[in-house]
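A.B. asks: What follows is a protein structure lacking sequence information:
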Ligand SMILES: Cc1cc2nc3c(=O)[nH]c(=O)nc-3n(C[C@H](O)[C@H](O)[C@H](O)COP(=O)(O)O)c2cc1C
């Protein structure tokens, strides 16, 4: 049997060892518990939970999702139970599972990221952190992930105060993602997740207004896949930590493209909304692919599409 196992944090003392390279993406799989009655979530490589903030959040006003060609726009506004309730109510359920659950952390300031990370450190059931740096820094309104120095500062601050494997999730809403990726890797991230949603807008013709109450939202789904692939391909040769590819992955072929473009693992997001079994189908498809290609390990195809020389962005 070919091995689907991957380590998405080889630089970390314990590593973050997954049975297979298919994770569910933050915000599209709740706390995992919502899906546990639909199938055995222990078959997943890992689950990334909905973003957690210091205080509970009710999120943005409705409407906050809109369907668009090839995907959707969302402006949920980080609705979540808050870190205390997550530790009290969600983590004990995760601790009973075999599948690693990664907490996606969102802060309005550097201190908030650090405080949440410290609170989650050593909590049974929390296997790692994914920093969602597509959040505005209240100090000046810019997203943490749009500036190399700010992205590195939040990575380093969390790295110093947390013993957990640390994934940093990059935003595509920048002119050049490469200096941000290298700054975050140098600041101590164990892996990069590429990418979060792209900023977009759609108009409700009947109301003659933007369809979302918060005007703009994050575009996700098959429409963004080529962009996410371009970013993974651009970043992979520049860093020596694993990349987790995200964006429009719904089928085995999509996941294979990301692996060949340099990703060690993938996350399935929007596809969970139109085919809740998509992650399981991709895991089975990757196993079948390895068997057909007579590969010993799925790792054998990671980066297969990268040229020897540094690629263009
Ligand atoms: C409804 C919804 C909610 C999301 N919430 C979060 C979130 O809380 N934190 C985060 O880092 N990303 C969040 N995302 C972004 C996804 O995790 C993922 O990066 C993005 O949707 C691209 O992948 P996809 O095309 O497979 O959906 C959300 C996406 C959607 C569609």
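C.D. replies: Perfect, thanks for sending it. Computed from a prediction, not measured in an experiment: that's the story for all the values here.
A.B. asks: buried sites along stretch 281-301?
C.D. replies: For stretch 281-301, a neighbour-count test (16 or more other CB atoms under 10 Å) marks 281-283, 285-287, 289-290, 298-299, 301 as buried. The C-beta positions use only the backbone N, C-alpha and C, and glycine is treated the same way.
A.B. asks: what's the burial count for the residue of the chain found nearest the ligand?
C.D. replies: Taking CB to the nearest ligand atom, the ligand has its nearest neighbour within the chain at residue 27, 1.9 Å off. Applying other CB atoms under 10 Å, we find 24 other residues in the vicinity of residue 27.
A.B. asks: Now it. Nearest residue, chain neighbours left out?
C.D. replies: residue 50 (5.3 Å; CB to CB, 6 or more residues apart in numbering).
A.B. asks: my read: that neighbour touches residue 26, true?
C.D. replies: Yes - Residue 50 is in contact with residue 26 according to CB atoms under 8 Å; the separation is 6.0 Å.
A.B. asks: Give me every residue in the stretch 101-250 of the chain lying close to the ligand.
C.D. replies: Proximity of the stretch 101-250 of the chain to the ligand is confined to 104, 132, 169, 196-197, 220-221, 224, 246-249 under the rule CB under 6 Å from any ligand atom.
A.B. asks: I'd like to know which of those are part of helices.
C.D. replies: With DSSP state H as the criterion, helices contain none of these.
A.B. asks: Please identify the residue most distant from the middle of the chain.
C.D. replies: residue 206 (34.8 Å; CA atoms, centre = their mean).
A.B. asks: what about the helices in this protein?
C.D. replies: Remark: helices assigned in the chain by DSSP H are 83-85, 91-95, 110-120, 148-161, 178-186, 225-235, 252-260, 271-274, 278-292.
A.B. asks: List the contacts of the last one.
C.D. replies: Yep, that's helix 278-292 we're talking about. With contacts defined as CB atoms under 8 Å, 6 or more residues apart in numbering, helix 278-292 is touched by 1-4, 20-24, 39, 43-45, 249-256, 266, 268, 271-272, 275, 295, 297-298.
A.B. asks: could you redo the last one with a cut-off of 7 Å?
C.D. replies: With CB atoms under 7 Å, 6 or more residues apart in numbering as the contact definition, helix 278-292 has outside contacts at 2, 4, 20, 22, 24, 39, 43-44, 250-252, 255-256, 268, 271-272, 298.
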